[in-house]
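Chemist: the amino acid sequence is not available; the structure is as follows:
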Ligand code: GDP
Ligand code: MG
């Protein structure tokens, strides 16, 4: 693949921005890679549209080729789509937390019951398992074997054919015995059918579990969208657990399932043993699905070096007392992340007034407006805002589409900020800023 990449992108070097033209081949290769990872076709299609829109017009670092920049963006998008990270079982303070596992037959529900029990025991939380798979006689015994291995109580009823009742009785028992977590091991079928869904819905409704997790076989292919869709329609899912990711499977089904359900991926199963359960990490999964780790790493490094250089330049300027509106703008662009600006301001002596300004509802819009206003200034104005008189102010305001008073305010704020920024290097706050950027 990487040889194909090289040749496909040879013609694209040295372009300044990502465009439909210079992204086309790259997108095609990303698409192929995702299909090879078993991401469902429709999901790949949506993802490609989304990523194209995201990437269009993005600056390509001089040291990078467009495809490297594109792959980096794709990788970051994958991470963000696969997130958020939430491996908490959201245990309740009072009474037992009820966790229901559902999924197709053979997806790994019963094994995962054991894995979760092991995890809870390690945290000194007492679990109880309920054998609610009444479809196969062997299923109850399988859960008992696991219970004996882990020394975890298992509730089952030999003659009861009603899984709702079994769950209710199991929960009553768990309460009586002081178990903190009850895990319901429900039945699965080889393919989605209405009877199974009806059964699960009845349990969901009557028993009202606190957490409902869909267990999905990581080796599932194109079908993942359909089966996950059926469970998602029938039940109020709280999370997904994907099993069998210890093999060669690239796990593209996870992206499909995530796309359909939108709920957090809690854990991944990486083996048959009870300790083979890992909290889900989007980064690792994104790399596994995309399998372009080298390119991503190279592109990341290039960006890191550039960021580092810009930061050093900014600090050198501040140290030399030469802090201009351009630097201010650069800073705004860098830290226009929610909350970060406010945090920084809060750390600087005398900046409390700006903290409120930066954390206000209009902060994001305000930052954009500020950047726009500075963009409308000449270089001389940015270096020395004192030259901005009434005429210049009107011109700048017109260019930026804001009121003239906004420009006066901006200049006033900048003048107030300048000495503080310039003295920052001497006070150690610069070091704290450095820390926050990492
Ligand atoms: P259920 O029908 O959903 O209850 O599935 P089971 O828990 O009985 O698991 C079906 C098969 O998958 C068993 O042979 C398990 O050992 C195996 N299995 C479950 N999870 C994993 C996993 O994470 N990795 C591997 N390699 N096998 C697993
Ligand atoms: Mg089972």
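Modeler: All right, it came through fine. This one's a predicted model, so the numbers in the text were calculated from it and none came from an experiment. Numbering: from 1, shown residues only. Ligands and ions are numbered 1, 2, ... in the order given.

Chemist: for residue 240, helix, strand, or coil?
Modeler: Here residue 240 is strand, with the state taken from DSSP: H, G, I helix; E, B strand; the rest coil.

Chemist: and it, bridged to which residues?
Modeler: Applying DSSP bridges to residue 240 yields these beta-bridge partners: residue 214, residue 265.

Chemist: any idea how far it is from ligand 2?
Modeler: Counting by CB to the ion, to the nearest Å, the separation of residue 240 from ligand 2 is 17 Å. In this view, the C-beta of every residue, glycine as well, is placed from N, C-alpha and C.

Chemist: ok, now which ones touch that residue?
Modeler: Going by CB atoms under 8 Å, 6 or more residues apart in numbering, residue 240 touches 213-216, 228, 254, 257-258, 261, 263-266.

Chemist: nearest to ligand 2 among those residues?
Modeler: Distance to ligand 2, by CB to the ion, is smallest for residue 215 among the contacts of residue 240, at 9.2 Å.

Chemist: check that closest one and give its pLDDT.
Modeler: Reading off the confidence values, residue 215 has pLDDT 98.

Chemist: that one touches residue 112, doesn't it?
Modeler: Yes. Counting by CB atoms under 8 Å, residue 215 does reach residue 112; the two are 5.6 Å apart.

Chemist: who has more neighbours, the two?
Modeler: Neighbour totals were compared for residue 215 and residue 112, and residue 215 leads with 26 against 22 (other CB atoms under 10 Å).

Chemist: and the closest residue to the more buried one other than its chain neighbours, how close does it get to residue 192?
Modeler: Closest residue in space to residue 215, ignoring its immediate chain neighbours: residue 103 at 3.6 Å, by CB to CB, 6 or more residues apart in numbering. As judged by CB to CB, to the nearest Å, residue 103 and residue 192 stand 10 Å apart.

Chemist: these two: who's more crowded?
Modeler: Remark: of residue 103 and residue 192, residue 103 carries more neighbours, 26 against 18, as counted by other CB under 10 Å.

Chemist: now do the contacts for that one.
Modeler: Residue 103 sits next to 109, 188, 214, 215, 216, 217, 231 when contact means CB under 8 Å, 6+ apart.

Chemist: related to what we said a few turns ago, what touches both of residue 103 and residue 192?
Modeler: Contact with both residue 103 and residue 192 is made by residues residue 231, according to CB under 8 Å, 6+ apart.

Chemist: state the mean pLDDT of stretch 180-199.
Modeler: 93.

Chemist: please point out which parts of it sit buried.
Modeler: 180-188, 192, 196-197, 199 (16 or more other CB atoms under 10 Å).

Chemist: inside helices: which ones of the residues you listed?
Modeler: The members of the buried residues of stretch 180-199 that map onto helices under DSSP state H are 196, 197, 199.

Chemist: leaving out chain neighbours, which residue sits closest to the first one?
Modeler: Counting by CB to CB, 6+ apart, the nearest residue to residue 196 once its immediate chain neighbours are dropped is residue 189, at 4.6 Å.

Chemist: residue 271 too?
Modeler: Counting by CB to CB, 6+ apart, the residue nearest residue 271 is residue 246, at 4.7 Å.

Chemist: so the one you found: helix, strand or coil?
Modeler: Per three-state DSSP, residue 246 ends up coil.

Chemist: likewise for the one 3 residues further on?
Modeler: Classification of residue 249 into helix, strand or coil gives coil, according to three-state DSSP.

Chemist: and it, backbone torsions?
Modeler: Backbone torsions of residue 249, given as degrees, to the nearest 10, read phi -50, psi 140.

Chemist: cool, and residue 243?
Modeler: Dihedral pair for residue 243: phi -100, psi 170, per degrees, to the nearest 10.

Chemist: against ligand 1, how distant is the nearest residue to residue 331 once chain neighbours are set aside?
Modeler: What sits nearest to residue 331 in space, not counting adjacent residues and going by CB to CB, 6+ apart, is residue 314, at 7.1 Å. To ligand 1, residue 314 is 48 Å away according to CB to the nearest ligand atom, to the nearest Å.

Chemist: element containing residue 314?
Modeler: Applying DSSP states H and E as the criterion places residue 314 in helix 293-319.

Chemist: got a list of what the residue in the chain positioned nearest to ligand 1 touches?
Modeler: Taking CB to the nearest ligand atom, ligand 1 has its nearest neighbour within the chain at residue 269, 2.8 Å off. Contacts for residue 269 (CB under 8 Å, 6+ apart) come out as 108, 111-112, 115, 218, 241-246, 276-277.

Chemist: ok, for residue 108, nearest residue in space, not its chain neighbours?
Modeler: Closest to residue 108 by CB to CB, 6+ apart is residue 243, at 3.5 Å.

Chemist: in terms of pLDDT, where does that neighbour sit?
Modeler: 97.

Chemist: likewise the one 5 residues further on?
Modeler: pLDDT, the model's per-residue confidence, is 88 for residue 248.

Chemist: ok, and for stretch 271-286, which residues are buried?
Modeler: Neighbour counts using 16+ other CB under 10 Å place 271, 274, 276, 277, 280, 281, 282, 285, 286 of stretch 271-286 among the buried residues.

Chemist: neighbouring contacts of that stretch?
Modeler: The contact list for stretch 271-286 (CB under 8 Å, 6+ apart) reads 75, 78-80, 82-83, 85, 87, 111-112, 114-119, 146, 149-150, 242, 246, 251, 254, 264-270.

Chemist: any part of that stretch near ligand 1?
Modeler: Yes. Counting by CB under 6 Å from any ligand atom, contacts between stretch 271-286 and ligand 1 involve 271, 272, 276.

Chemist: the residues you listed into CSV, with extra columns for secondary structure, pLDDT and distance to residue 291?
Modeler: What follows is those, written out as CSV (DSSP: H, G, I helix; E, B strand; the rest coil; pLDDT from 0 to 100; distance: CB to CB, whole Å):
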residue, secondary structure, pLDDT, distance to residue 291
271, coil, 97, 21
272, coil, 96, 25
276, coil, 97, 22
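
Chemist: can you add distance to residue 203 and give the residues you listed back as JSON lines?
Modeler: Below are these laid out as JSON lines (distance: CB to CB, whole Å):
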{"residue": "271", "distance to residue 203": "28"}
{"residue": "272", "distance to residue 203": "26"}
{"residue": "276", "distance to residue 203": "27"}
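
Chemist: contacts only, for the residue lying closest to residue 375 once chain neighbours are set aside.
Modeler: Distance criterion CB to CB, 6+ apart; nearest residue to residue 375, sequence neighbours excluded, is residue 400 at 7.0 Å. By CB under 8 Å, 6+ apart, residue 400 lies in contact with 369, 372, 373, 375, 376, 406, 407.

Chemist: the same query, at a cut-off of 7 Å, please.
Modeler: Residue 400 sits next to 372, 373, 375, 376 when contact means CB atoms under 7 Å, 6 or more residues apart in numbering.
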